[in-house]
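Chemist: 3D, please:
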Amino acid sequence: MDEKKYLVIPIEIKSRELEGSIYLALQALKKGWNVILGQKQQIWSVMEGLPSSVFFYKSAVPGEEKNIQNIKNNNHNLVVLDIEGLVLAPDPIGATRRYSKKNIKNVDHIFFWGKEDRNRAVKIFPSIKKKSSITGSHIVETWKVFKKKNKIKKNKNQIIISTNFARSDERLKNARYELEKRMFKKISKKQDELLKAEYRLKEKGYKDFLKMIENITLKLPKKNFVV
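Modeler: As a prediction, this is how the structure comes out:
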């Protein structure tokens, strides 16, 4: 009898990861795997009782060193596909913020969305090259399935505008900045300057964004805008 194979998929943010994780779990089940899927903290609480498994983890950021070491200490294999890996910040903070030497050493294999994010990571961490491959993203595959199943058609009267201005929030930006700094084991002067520049850019971009929304809604009164 073939030995049972177990795949563990910890989920951190449900709205971001659940559908893609279910899609990945279904593909694994078709190939004869047993799948354990659940909220990350709940999986940690039963770690010692899990059978020897392959963990499919959402990132290898420096802040995950303790969790990744815990997975390896319990004799599991570990693969990583960065859930945010497609769009990296400018180097030298881009790959450094998403990977650490210790995590790279502990990970058995690293998957990448595409050539660009892999090449940028390899440039900073050459050891990644021998233990990585390009696979795309299970999250994107889920979007394709959803679109095909629901036969989604473009609505020419509706325009969706995606935003990302968390760093411009006056109430939280100082605390967020200090938290992001902690993602680096040791932040260099150049890295710190780039990080601060990101915050200045978001503040300016947010003000310009509000003006843009006002202008285009006045010029296109028959369109529906979803922000």
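Chemist: so where's this structure shaky on pLDDT?
Modeler: 1-2, 150-152 (pLDDT under 70).
Chemist: how does it look with 50?
Modeler: Scanning the chain for pLDDT under 50 picks out 1.
Chemist: which residue is nearest the middle of it?
Modeler: The residue lying closest to the centre of the chain (C-alpha atoms, centre = their mean) is Ile83, at 2.1 Å.
Chemist: So it is in contact with Arg16, correct?
Modeler: Yes: counting by C-beta atoms under 8 Å, Ile83 touches Arg16, with 6.7 Å between them. Every C-beta, even on glycine, is put in place using the N, C-alpha and C of the backbone.
Chemist: Straight-line length of stretch 27-45, end to end?
Modeler: 26 Å (C-alpha to C-alpha, to the nearest Å).
Chemist: go on, stretch 46-61?
Modeler: Termini of stretch 46-61 sit 23 Å apart (C-alpha to C-alpha).
Chemist: Can you name the residues in contact with that stretch?
Modeler: With contact meaning C-beta atoms under 8 Å, 6 or more residues apart in numbering, stretch 46-61 is reached by 4-10, 12, 17, 24, 36, 43, 64, 68, 70-71, 74-85, 97-100, 103-104, 107, 110, 183.
Chemist: for Lys190, what are its contacts?
Modeler: Neighbour list for Lys190: Pro92 [criterion: C-beta under 8 Å, 6+ apart].
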